[in-house]
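In: no sequence for this one, just the structure:
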Ligand SMILES: *Cc1c(COP(=O)(O)O)cnc(C)c1O
């Protein structure tokens, strides 16, 4: 199936209130344009350099999401244009995003990444650090924490993935309010399970664009 067909099929299956981020990392501009021409406007990338290049080269009404681990020293490159940063995982990073947002006269929307997987390689705050982090974030006037993001363990064990999503959804339910409304969980392999756990934003790459090399 073509990119446009994949996109259409996924979009038709989504309940109202679930936003699709088309994860275009490693994919070429012509692939992104095919999705764009099929109506997609939100794209996600996980590398600052690639994100900056694509921003420069592609239509300006694209909303670019930074979905990957972000190093503090690279925030300055995306601060002028990024529309949502998914993986805020330290106060140091938050402070830097706030500083660069201020320099660009912007308020940048951010999600706090929560560590839910059993792999030690996945970044994020512990569940019990979130309340304090939200409290600390209030002193940063150029960032807006709009929700939580998580990545489940990379496994075929649906029960395990479901349990991890559930943990995050429970936390989300405790903290959600007028500004905290986004729960970013679900990728190509597990977005249906994520939606059944109240995901409001899914990040789907290979199911749209095909496998990455
Ligand atoms: C690559 C990536 C995705 C998309 O993965 P697929 O399995 O291709 O859908 C989602 N979220 C993050 C953080 C990623 O790095």
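Out: On my side now, so go ahead. Quick caveat: nothing in here was measured; it's all calculated off a predicted structure.

In: flag the shaky bits of the protein, pLDDT-wise.
Out: Within the chain, no range satisfies pLDDT under 70.

In: mind jotting down where the strands sit in it?
Out: Assigned strands in the chain, in chain order: 19-23, 42-45, 63-66, 84-88, 108-114, 143-150, 182-184, 201-204 (criterion: DSSP state E).

In: what pairs with the fourth one, parallel or antiparallel?
Out: In other words, strand 84-88. Strand 84-88 sits in its sheet next to strand 63-66 (parallel), strand 108-114 (parallel), going by DSSP bridges.

In: neighbouring contacts of the first one?
Out: It refers to strand 63-66. With CB atoms under 8 Å, 6 or more residues apart in numbering as the test, strand 63-66 has contacts from 21, 41-46, 48, 51, 54-55, 78, 81-87, 203. Using the backbone N, CA and C atoms, a C-beta is placed for each residue, glycine as well.

In: near the ligand at all, that strand?
Out: No. Strand 63-66 is not in contact with the ligand by CB under 6 Å from any ligand atom; minimum separation 9.6 Å.

In: what are the buried residues along that strand?
Out: Applying a neighbour-count criterion of 16 or more other CB atoms under 10 Å, one finds 64-66 buried in strand 63-66.

In: what's the spacing between residue 199 and residue 93?
Out: 23 Å (CB to CB, to the nearest Å).

In: looking at those two, which one has more neighbours?
Out: residue 199 (28 against 20; other CB atoms under 10 Å).

In: show me the contacts for the more buried one.
Out: 18, 165, 183-186, 191.

In: now the two most distant members of the residues you listed.
Out: 18 and 165 (13.7 Å; CB to CB).

In: of those two, which one has the most company?
Out: Neighbour count, other CB under 10 Å: between residue 18 and residue 165, residue 165 has more, with 24 against 18.

In: how about the helices in the protein?
Out: Remark: helices assigned in the chain by DSSP state H are 3-13, 29-37, 48-57, 75-78, 91-103, 130-137, 158-175, 191-196, 206-209.

In: skipping its backbone neighbours, what lies nearest residue 101 in space?
Out: By the measure of CB to CB, 6 or more residues apart in numbering, the closest residue to residue 101 outside its immediate chain neighbours is residue 142, 3.7 Å from it.

In: who are the contact partners of the one you found?
Out: Per CB under 8 Å, 6+ apart, neighbours of residue 142: 97-99, 101-102, 106-108.

In: quick one: name the residues of the chain near the ligand.
Out: Within the chain, the residues that sit near the ligand (CB under 6 Å from any ligand atom) are 23, 25, 46, 67-68, 151, 187-189, 203-207.
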